[in-house]
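Peer 1: Quick one: sequence plus predicted model below, questions after.
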Protein chains: 2
Amino acid sequence: FNSCSFGGVDVRRPRRMVLVKAEAAGINPDIRKNEDKVVDSVVVAELAKPLTAYCRCWRSGTFPLCDGSHVKHNKATGDNVGPLLVKK
Amino acid sequence: FNSCSFGGVDVRRPRRMVLVKAEAAGINPDIRKNEDKVVDSVVVAELAKPLTAYCRCWRSGTFPLCDGSHVKHNKATGDNVGPLLVKK
Ligand code: FES
Ligand code: FES
């Protein structure tokens, strides 16, 4: 119990501690969860633009491309992730 | 209180619920935490091998390259992440 009244006297103890291990959590909540392992390929000869950004935050709406969603993720969590830039 | 004895009678209620929002957690526990945003560049003309795998799980010991650590991460967490393959 955290608080218990006994004979009109409150008996208290500290709140239960909850340990959350970051290492035990997945990093991809939504993308292609029907696949055992999400692997993508870039064939550099087929790249259209001189620079293409690929997502590493697993929050992009245009995955495997980066759409800038890492900014919101970093702000919300204090994280520091960003894309891989592929340059022709 | 979760359990309280009052006049010899136990009074119970369900355990406190703890909601853990996955979205509130960062995905990079260790890599280059001194940088505000970890961005890497690949210049395709400088690629040595026909195929290079880049890490997207933030667990590689050779980041930004993939060293296969996504396998352990996926097994430990039930996640489904994998690398980006860049092919010349
Ligand atoms: S949206 Fe994921 S790294 Fe930019
Ligand atoms: S080690 Fe991170 S994707 Fe392979």
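Peer 2: Arrived safely. Ligands and ions are numbered 1, 2, ... in the order given.

Peer 1: Next one: the most centrally placed residue in chain A relative to ligand 1, how far apart?
Peer 2: Nearest to the geometric centre of chain A sits residue A:27, at 4.5 Å (C-alpha atoms, centre = their mean). Residue A:27 sits 11 Å away from ligand 1, taking C-beta to the nearest ligand atom, to the nearest Å as the criterion. (Each C-beta comes from the backbone N, C-alpha and C, glycine too.)

Peer 1: Now the closest residue to that residue other than its chain neighbours: which helix or strand?
Peer 2: Excluding the flanking residues, the one nearest residue A:27 by C-beta to C-beta, 6 or more residues apart in numbering or on different chains is residue B:27, at 3.8 Å. Using DSSP states H and E, residue B:27 falls within no helix or strand.

Peer 1: List the residues that contact residue B:27.
Peer 2: Under the criterion of C-beta atoms under 8 Å, 6 or more residues apart in numbering or on different chains, the neighbours of residue B:27 are A:27, A:57, A:58, A:73, A:77, A:79, A:81, B:58.

Peer 1: Now that we're looking at it, what pLDDT does it have?
Peer 2: Model confidence at residue B:27, expressed as pLDDT, equals 97.

Peer 1: go on, residue A:84?
Peer 2: 98.

Peer 1: same check, this time on residue A:37
Peer 2: Note on residue A:37: pLDDT of 98.

Peer 1: do the same with residue A:33
Peer 2: Model confidence at residue A:33 (pLDDT) stands at 98.

Peer 1: Spit out the contact partners of the residue lying closest to it once chain neighbours are set aside.
Peer 2: Closest residue to residue A:33 apart from its sequence neighbours, by C-beta to C-beta, 6+ apart: residue B:80 at 6.3 Å. Contacts of residue B:80 were listed using C-beta under 8 Å, 6+ apart, and they are A:26, A:28, A:32, A:33, A:35, A:36, A:37, A:38, B:74.

Peer 1: List only buried entries from the residues you listed.
Peer 2: A:26, A:28, A:38, B:74 (16 or more other C-beta atoms under 10 Å in any protein chain shown).

Peer 1: would CSV of the contacts of residue B:27 with secondary structure be doable?
Peer 2: Below are the contacts of residue B:27 laid out as CSV (DSSP: H, G, I helix; E, B strand; the rest coil):
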residue, secondary structure
A:27, coil
A:57, coil
A:58, coil
A:73, helix
A:77, helix
A:79, coil
A:81, strand
B:58, coil
